[in-house]
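1. let me see the structure of the following:
(one chain, ligands or ions: 1)
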Amino acid sequence: MTSIAQNIAVVRSRIANACQDCGRDPGDVTLLLATKTQPPALILEALSQGPFPIGENRVQELVEKAPAFEDLQIERHMIGHLQSNKAAKALDHVSCIQSIDRLSIAQKLDRLCKDRGRTLDVFLQFNTSGEVSKFGMDPGAAVPFARSIAALPHLRVRGLMTVGLLAPHPVLSRDSLSKLRELRDEVNDASISGVELRHLSMGMSTDLEVAIAEGSTMVRIGTDIFGQRAQPPGRYWPEKEWAHLGE
Ligand SMILES: *Cc1c(COP(=O)(O)O)cnc(C)c1O
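-> So this is what the prediction gives:
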């Protein structure tokens, strides 16, 4: 087995154990490969153990790597912050955008979808950790936000997404993860027409067990499958939130 195949086996058994601990079915938890900075050859190696959906953070990488995946039946998601001027490019390469963090980007995507005669699955991203530097809608606005997005005819609201508190120990991120589950219940209880929240996208390499205990249906794993990334995290997330981790 290659090391990537081994790493995937380890992550799969972590998912299975976490599910067992809380009486959930491992089949209800999708493993998404978080592939930022990884070259297509390594991603294809990981996909040989799949199928898995894959998620990119930057539109430029999404576009650059696209040819490698053209002939494959895989789901590609955008999981990083999406700038408005890159929305059209992103749309060419994804079936789902998990980082819907403001109404304006959703409206733009809806118009683009209309022009192209297609629909797009979206997840609503919330900032559940309260970190000022993080992307995501304010949890206090969950229901009105879901309502506004649901009113856009070409977007299908399929789930919620969060990046949990990046803390030195995974138990510290629990509140930020349980918060997303509460938001899902709140939105579901509002019975908004067209909103069918199938997914809670949360849990990364360090906190996947806690995320599963809190109801995650999609964990997004990078480091524990591909190894440490060379690029500094500030390239993907605001620099500031990493300062306390000493990176
Ligand atoms: C990088 C990234 C991940 C994966 O994080 P790891 O700690 O490397 O597993 C998950 N979600 C998002 C939004 C990311 O940017």
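2. what helices or strands is the worst-scoring helix or strand of the chain on mean pLDDT leaning on?
-> Lowest by mean pLDDT, DSSP states H and E among the helices and strands of the chain is strand 195-201, with a mean of 93. Here strand 195-201 touches strand 155-161, helix 174-189, strand 218-221, going by 3 or more Cβ pairs under 8 Å, 6 or more residues apart in numbering; DSSP states H and E. Where C-beta positions appear, they are placed from N, C-alpha and C, glycine not excepted.
3. give me the contacts around the next helix or strand after it.
-> On the C-terminal side of strand 195-201, the closest following helix or strand by DSSP states H and E is helix 208-213. The contact list for helix 208-213 (Cβ atoms under 8 Å, 6 or more residues apart in numbering) reads 11, 14-15, 17-19, 21-22, 24, 29, 164, 170-171, 173-174, 177, 202-204, 216, 219, 221.
4. likewise for stretch 71-88?
-> 32, 34, 36, 47, 50-59, 62, 69, 90, 93-99, 101, 104-105, 108-109, 112, 135, 161, 201, 220, 236.
5. buried residues in that stretch?
-> Of the residues in stretch 71-88, 74, 76-82, 86-87 count as buried by neighbour count, 16 or more other Cβ atoms under 10 Å.
6. out of the contacts of stretch 71-88, list just those in helices.
-> Counting by DSSP state H, the contacts of stretch 71-88 place 47, 59, 62, 69, 90, 104-105, 108-109, 112 in helices.
7. how about the residue nearest the centre of the chain: what's its closest non-neighbour residue?
-> Per Cα atoms, centre = their mean, the C-alpha nearest to the average position across the chain is that of I79, at 4.6 Å. Once flanking residues are discounted, I79 sits nearest to G55: 3.8 Å by Cβ to Cβ, 6 or more residues apart in numbering.
8. L32 is in contact with that neighbour, correct?
-> Yes: using Cβ atoms under 8 Å, G55 is in contact with L32, at 5.1 Å.
9. what are the bridge partners for H77, then?
-> Beta-bridge pairing for H77 (DSSP bridges): G55, C96.
10. how close does it sit to the ligand?
-> The gap separating H77 from the ligand is 10 Å, by Cβ to the nearest ligand atom, to the nearest Å.
11. chain center to the least confident helix or strand of the chain: distance?
-> Computed by Cα atoms, centre = their mean, to the nearest Å, the chain-centroid distance of strand 195-201 equals 12 Å.
12. buried set for it?
-> Quick answer for strand 195-201 (16+ other Cβ under 10 Å): 195, 197, 199-201.
13. for stretch 50-58, same thing?
-> By neighbour count on 16+ other Cβ under 10 Å, the buried set for stretch 50-58 is 52-58.
14. which of the contacts of stretch 71-88 are buried, as a PyMOL select command?
-> In PyMOL, this line selects whichever of the contacts of stretch 71-88 come out buried by 16+ other Cβ under 10 Å:
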select buried, resi 32+34+36+47+52+53+54+55+56+57+58+59+62+69+90+93+94+96+97+98+99+101+105+108+109+112+135+161+201+220+236
